[in-house]
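Enquirer: The sequence and its predicted three-dimensional model are supplied below.
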Amino acid sequence: MRISSAVTLALTALLVASTLGTVVATPATAFESEPDSPTVDRHLSESPSFQSTSQEGQHLTSSATANGTALEPAEPKQEIRIEVAEDGDAHWTIESHFLVTDDEDEALFEEFAEAVVSGDRDVGYDVQTFEASAAVASEATDREMTIQNAGWDDPRLDAPDDEDADEIDDEDQVQVGVISYSFTWTNFATDDDDRIYFGDAFETPGEDETWFPGLADGQRLVVETPPGYGLETPTTLTWDGPHQFEAGDLEIVFLRGASPTSVGSWWILAGVVGLILGAGGYVLYRYLRRAYDGESPLERLPTSGGSERAVDDGAEPTTPRSEDEVESAQSPATGTQIEFDEAADDVDLELLSDEERVHRLLRQNGGRMKQANIVKETGWSNAKVSQLLSQMDDDDEIEKLRIGRENLITLPEVDPTEID
């Protein structure tokens, strides 16, 4: 059964508007304390939340009040962590973080956390919420998906990380209270031989959109590489809000046995390779200079335009040619261009890097192509092409323009608005 756009948006809103301490559409009475329970202020509804950044006015701040004492959020206020397994299942953990600065804060945190975990406080996280999203993803990917082992984890107190430590005067007396909800989402990714394809489950059925539109300020998304795997194409695995996602932005390919190299390490590696190639080019240049007695090969080539040529001893000067002969010599013979094109097509594609193949395709198609056509021409997966083009766009090797539901890819020197 096909799920309409309206239902999809409703499911999305339900998923991302769920908050630790609040659901935006829930009446305030749902958060009133029992007579014998400690007072928790209504503004706890603004605690770290799994919510859409499109909902204006909703900020990821968190506070709990008891006897006038506020519980402040730690940074990041919320962390959404996805651990990808080799079989394609994904373990999700949604953590909300609070600063605990003294015994009073600790008592407040423990009391509130216990109420959340025991179910005494309805804060909008339940298995039905995520099952609704799994149904949307299942239709979009045509894979059967289930939500398993969903529930609250034991609350804990951690030492502050570097982000919080920078804002704390007395680090020894401060801890971070963590309340987390976790579950396993089966078949979230797909495995194919030595590769795991991640990210298509974020898409909506029949539409080039995503039900995970972005992160709000204070949210962080972390995707963890499966054990024994690395990135096939360098990309980031951590995003901090505010951040907007488009369809395909979260598609990642993990390769078995590849080094788990980060984006920063890739740039370092690229710099080292560039340095080696530069040094090798300089050595080759010096060798050619010596081989030609100080005269470079370019200097030994005859120049065009009727310049004088060197005449060997005993050789007769060349006889002047008629204008017709000169014009004939300067004009390519019939079939020359065809032979050049055929030679270009004889290039062994296996010797080209992925980026070189994309550049070659763009040059053969007037400097611009639809992303879908690049997928068709190369035979690569949508995930691989999406990640590769995003990286090339970040490196200013191409321009990526969104037109409706299509991505138009152009070379930097090509005007995408120009019509041939």
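Expert: Cool, the structure landed. Residues are numbered from 1 along each chain as shown.
Enquirer: Pull the contacting residues for the residue lying closest to residue 362 once chain neighbours are set aside.
Expert: Counting by CB to CB, 6 or more residues apart in numbering, residue 362 lies nearest to residue 411, which is 5.2 Å off, once chain neighbours are set aside. From N, CA and C alone the C-beta is placed, and that goes for glycine too. Applying CB atoms under 8 Å, 6 or more residues apart in numbering to residue 411 gives the contacts 359, 362-363, 367-368, 398-399.
Enquirer: Around the closest residue to residue 89 other than its chain neighbours, count how many other residues there are.
Expert: Of all residues beyond its chain neighbours, the one nearest residue 89 is residue 186 (5.0 Å), with distances taken as CB to CB, 6+ apart. Residue 186: 17 surrounding residues under other CB atoms under 10 Å.
Enquirer: What distance do you get for residue 186 to residue 90?
Expert: 8 Å (CB to CB, to the nearest Å).
Enquirer: circling back: neighbour-wise, which one of the contacts of residue 411 leads?
Expert: residue 398 (25 neighbours).
Enquirer: just to confirm, which helix or strand has the closest residue to that residue other than its chain neighbours in it?
Expert: In space, and not counting its chain neighbours, residue 398 is closest to residue 392: 4.7 Å by CB to CB, 6+ apart. Counting by DSSP states H and E, the element that carries residue 392 is helix 382-394.
Enquirer: Okay, buried residues for that helix please.
Expert: Going by neighbour count (16 or more other CB atoms under 10 Å), the buried part of helix 382-394 is 382-393.
Enquirer: now the residues you listed as TSV including distance to residue 238 and pLDDT?
Expert: TSV is the format used below for the buried residues of helix 382-394 (distance: CB to CB, whole Å; pLDDT from 0 to 100):
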residue	distance to residue 238	pLDDT
382	23	81
383	18	80
384	21	87
385	23	88
386	18	84
387	15	84
388	20	90
389	21	90
390	15	86
391	16	88
392	21	92
393	19	88
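Enquirer: Closest one to residue 233 out of those, please.
Expert: When these are compared for distance to residue 233 (CB to CB), residue 387 wins out at 4.5 Å.
Enquirer: which residues does the residue nearest to residue 89 contact?
Expert: By CB under 8 Å, 6+ apart, the contact set of residue 186 is 88-89, 144-148.
Enquirer: Buried ones among those?
Expert: Looks like these have 88-89, 145, 147 buried, using 16+ other CB under 10 Å.
Enquirer: Show me which of those is closest to residue 107.
Expert: The nearest member of these to residue 107, counting by CB to CB, is residue 147 at 33.6 Å.
Enquirer: Over to the closest one: give its phi and psi.
Expert: phi -110, psi 120 (degrees, to the nearest 10).
Enquirer: ok, it to residue 130 distance?
Expert: The value you get for residue 147 to residue 130, if CB to CB is used, is 5 Å.
Enquirer: just residue 149 next, same as before
Expert: From residue 149 to residue 130 the distance is 11 Å (CB to CB).
Enquirer: These two - which one has more neighbours?
Expert: Counting neighbours by other CB under 10 Å for residue 149 and for residue 130 shows that residue 130 has the greater number, 21 against 9.
Enquirer: The more buried one belongs to a helix?
Expert: Yes: counting by DSSP: H, G, I helix; E, B strand; the rest coil, residue 130 falls inside a helix.
Enquirer: Surely it and residue 150 touch.
Expert: Yes: with contact defined as CB atoms under 8 Å, residue 130 reaches residue 150; the gap is 6.5 Å.
Enquirer: who touches both of the two?
Expert: residue 183.
Enquirer: Find the least confident helix or strand in the protein, judged by mean pLDDT.
Expert: Every helix and strand in the chain was compared by mean pLDDT, DSSP states H and E; the lowest is strand 22-23, with a mean of 34.
Enquirer: who does residue 198 bridge with?
Expert: Following DSSP bridges, residue 198 is listed with bridge partners residue 252.
Enquirer: picking up where we left off before, shared neighbours, residue 147 and residue 130?
Expert: 183, 185.
Enquirer: picking that back up, go through the contacts of residue 186 and say which is closest to residue 82.
Expert: The closest of the contacts of residue 186, once distances to residue 82 are taken by CB to CB, is residue 89, at 10.6 Å.
Enquirer: quick one, domains of this structure?
Expert: 5-256, 262-292, 349-420 (automatic domain parsing).
Enquirer: what do residue 149 and residue 130 both touch?
Expert: residue 183.
Enquirer: which residues does residue 180 contact?
Expert: Contacts of residue 180 (CB under 8 Å, 6+ apart): 93-96, 152-153.
Enquirer: Narrow those to just the buried residues.
Expert: Counted by 16+ other CB under 10 Å, those give 93-96, 152 as buried.
Enquirer: re earlier: can I get the buried residues of helix 382-394 in a markdown table including distance to residue 347?
Expert: Formatted as a markdown table, these follow (distance: CB to CB, whole Å):
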| residue | distance to residue 347 |
| --- | --- |
| 382 | 25 |
| 383 | 26 |
| 384 | 21 |
| 385 | 20 |
| 386 | 25 |
| 387 | 24 |
| 388 | 19 |
| 389 | 21 |
| 390 | 26 |
| 391 | 23 |
| 392 | 20 |
| 393 | 24 |
